[in-house]
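> Output the structure for:
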Amino acid sequence: MGSWNLKVLKERSIAINGEDKSSIERINSTSRAIDIFCYHLEQAKIHNDLTIGSTPREQMELVMPPEEKRLEVWERKLAIQANTQACIHTARSIHDLFAQLVNGLLFKNPIAVHDCDVYKVIQKLEEGELKTTLLNLLDSFEFKYVNAFVNTIKHRNLVDFGALVSFEENRSGVQFKGFKFKGEPYEKLWAEDVLKVTLTVKNTVITAGCLLNQEYGAIDV
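The predicted structure follows:
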């Protein structure tokens, strides 16, 4: 499945609904959220790459930086945490934005905006590839992790600003703690792995968006 053509979707929406502000705003909001995700992903990767020591000496300096580098290392870790968490929150919000989009474009009797989420939209969708794709998403480890993280981070910090290196794994960087959500345990993950999880979740909505275009008749010619 290729990239999601939101421009064609917007043109199709205008052709059907005229200059309906709500539909256009939903498409624009989804597009902007994807752009914001990509920005934070790039920023997180840039800062994370700077914390990967190629030698044991460099890795030790990440754990015990010389005094003149302590502030730099702290700011780098903070940037990784801030951008990684922004990726997680944005990846999750994209799916609720997508749910609003499906709700407004496909349903003759849409769900009330304040009551609409991806779970209710899936229940209302007719059987087909779009519904199957979204059901597979909800059942995936990646979505469950992102959803659990978003709900857990409200109550506690999941980054330990201590050691940045594991000699056992020969890895360094920022590590997010393990946590439980609704009794389900989630193991600790390096920021690099969390970013891969969020990218998978974001990419699922791109696939679902292409299917939405097909169902709505927004054909890219």
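> What strand or helix carries A15?
helix 6-17 (DSSP states H and E).
> how about that helix: buried residues?
L6, V8, L9, K10, R12, S13 (16 or more other CB atoms under 10 Å). Where C-beta positions appear, they are placed from N, C-alpha and C, glycine not excepted.
> try stretch 75-92
Neighbour counts over stretch 75-92 (16+ other CB under 10 Å) mark 76-77, 79-81, 83-92 as buried.
> coming back round to it: so for the helix holding A15, mean pLDDT?
The predicted model assigns helix 6-17 a mean pLDDT of 93.
> who touches it?
20, 23-24, 27-28, 30-31, 105, 209, 212-213, 216-220 (CB atoms under 8 Å, 6 or more residues apart in numbering).
> what about 6 Å?
With contacts defined as CB atoms under 6 Å, 6 or more residues apart in numbering, helix 6-17 is touched by S23, I27, S31, N213, Y216, A218, D220.
> In ChimeraX, how would I select the buried members of the residues you listed?
Filtering those down to the buried ones (16+ other CB under 10 Å) takes a single ChimeraX command:
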select :23,27,31,213,216,218
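> What's the separation between the residue sitting nearest the centre point of the chain and V113?
Residue closest to the mean C-alpha point of the chain, counted by CA atoms, centre = their mean, is A91 at 2.0 Å. Distance, A91 to V113, by CB to CB, to the nearest Å: 21 Å.
> ok, now G104?
9 Å.
> Same check on T51?
42 Å.
> Neighbour count for the two, which is higher?
T51 (21 against 11; other CB atoms under 10 Å).
> Hmm, that one is touching G173, no?
Yes: counting by CB atoms under 6 Å, T51 touches G173, with 4.6 Å between them.
> So what's the predicted local confidence for R57?
71.
> for the one 4 residues further on, same thing?
At E61, the model reports a pLDDT of 69.
> now swap in V165 and tell me
63.
> Use 40 as the first number for this chain going forward.
I'll keep to 40 as the first residue from here, and by that count the last item is V204.
> quick one, strands of this protein?
204-205, 210-211, 214-215, 218-220, 223-225, 228-229 (DSSP state E).
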